[in-house]
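**Q** fold the following, please.
(4 chains)
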2 protein chains.
Amino acid sequence: MTKEQARREVRAALSVGSFRVTKQRLAIVEELAAVERYATAKELHQRLSQKRSGVGLATIYRTLETLEAIGAASVRTQGRGESAYLFCSPEHHHHAVCTKCGKVEDVPCRSIGRIERDLTQALRFKTTQHRFEFFGLCDRCS
Amino acid sequence: MTKEQARREVRAALSVGSFRVTKQRLAIVEELAAVERYATAKELHQRLSQKRSGVGLATIYRTLETLEAIGAASVRTQGRGESAYLFCSPEHHHHAVCTKCGKVEDVPCRSIGRIERDLTQALRFKTTQHRFEFFGLCDRCS
DNA sequence: GTCTCTGCAAAGGGTTTGCAACGCA
DNA sequence: TGCGTTGCAAACCCTTTGCAGAGAC
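**A** Presented below is the predicted three-dimensional model:
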């Protein structure tokens, strides 16, 4: 996704709520979209500080929270209680994480029917949601 | 799993490394195995404090870390940066989490062949590991 | 003009660490 | 007896919050 696309997508998503489009939010979104992998608030803060855009750390946290709320970002926790955020589409999908370079690709959700049938029959468990994560090597790293 | 089984399983796992079997560790493991869902360190600390076994919070954190290392516990993060731990077998499997009572059941891993093939072909991504989580209603809650 | 957002610094809270005493093996 | 473990409290560090000024609409 280009920066332009990211910007447009977030503009659209923000305007659904009563959110405002500020230059700080756009800078954060562009940076998050550019890394193509999970990034921490601190990391984004450092990257943005190196450029002209000096966005406060608190603003980054608040923006990431907002992005998550509107479905434009996904969160995970990595060692030492740090949260890492990934820019991604609000559509239902899963992630393929490269264990070498950290790049994350979206995986559309298809055909998990059989697994769900197994679940219902074996455990009598009715699934309403699921989440898959794949780890391995991306095209470039393999 | 009974407390006896949990105790035996952990004894075996600990003795693989140069770990010692202490009454605190056994108390923590029994408690963790008994809850059958994700529990935080603080929660375990409170539960153990109500019984005779007053185990220090730091010890609980250290033990949970050890259990995770030997594959006897799985970790997840829940709101506000808190870690929650689940007692589970070191075999490769997935989890079905009841969204009502929180109970977690193990799901043996079968037949994800097709999804992996899709991944390899569409994204040129070679999976080496995966992790599935299912959310829904368990037998009792549905 | 109004109402949200930002930045700073301080507060908050879960987790880790240092160290002396303890207790498995 | 030796060395890993425990408990306590302090230290850590990521994250959140309060508030006054700035800025989007």
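
**Q** near DNA strand D, which residues of chain A?
**A** Taking C-beta under 7 Å from any atom of the strand as the criterion, chain A approaches DNA strand D at residues A:20-23, A:40-42, A:57-58, A:61-62, A:65, A:80-83. For every residue, glycine as well, the C-beta is placed using N, CA and C.

**Q** mark which of those are buried, thanks.
**A** A:41, A:61, A:83 (16 or more other C-beta atoms under 10 Å in any protein chain shown).

**Q** so which of these comes closest to DNA strand C?
**A** Nearest to DNA strand C among those is A:Tyr61, at 8.6 Å by C-beta to the nearest atom of the strand.

**Q** following the helix or strand containing that closest one in sequence, what is the next regular element?
**A** In this assignment (DSSP states H and E), A:Tyr61 forms part of helix A:57-69. On the C-terminal side of helix A:57-69, the closest following helix or strand by DSSP H and E is strand A:73-78.

**Q** in that next one, which residues are buried?
**A** A:73-74, A:76-77.

**Q** dump the residue contacts of the most centrally placed residue in chain A.
**A** By C-alpha atoms, centre = their mean, the mean C-alpha position of chain A lies nearest to A:Leu86, the distance being 2.5 Å. Residues near A:Leu86 by C-beta atoms under 8 Å, 6 or more residues apart in numbering or on different chains: A:32, A:37-39, A:73-76, A:95, A:104.

**Q** looking at these, which is nearest A:Leu123?
**A** Nearest to A:Leu123, judged by C-beta to C-beta, of those is A:His95 at 25.2 Å.

**Q** OK, contacts around A:His94?
**A** A:106-107, A:109, A:131-134.

**Q** counting neighbours, which of those residues comes out on top?
**A** A:Phe134 (25 neighbours; other C-beta atoms under 10 Å in any protein chain shown).

**Q** retrieve the pLDDT associated with that one.
**A** pLDDT recorded at A:Phe134 is 89.

**Q** quick check, it in a helix?
**A** No: going by DSSP: H, G, I helix; E, B strand; the rest coil, the assignment for A:Phe134 is strand, not a helix.

**Q** my guess is it meets B:Thr127, correct?
**A** Yes: between A:Phe134 and B:Thr127 there is a contact at 4.7 Å, judged by C-beta atoms under 8 Å.

**Q** what is in contact with those two at once?
**A** Contacts common to A:Phe134 and B:Thr127, judged by C-beta under 8 Å, 6+ apart, are A:96, B:116, B:119.

**Q** so the first one sits right up against B:Phe125, yeah?
**A** Yes: in this structure, A:Ala96 sits in contact with B:Phe125. The criterion is C-beta under 8 Å, and the distance is 4.7 Å.

**Q** list residues touching both of the two?
**A** By C-beta under 8 Å, 6+ apart, the residues touching both A:Ala96 and B:Phe125 are A:105, A:134, A:136, A:138, B:119.

**Q** excluding chain neighbours, what is closest to the fourth one?
**A** Using C-beta to C-beta, 6 or more residues apart in numbering or on different chains and skipping residues adjacent in sequence, the residue nearest A:Cys138 is A:Cys98, 3.9 Å away.
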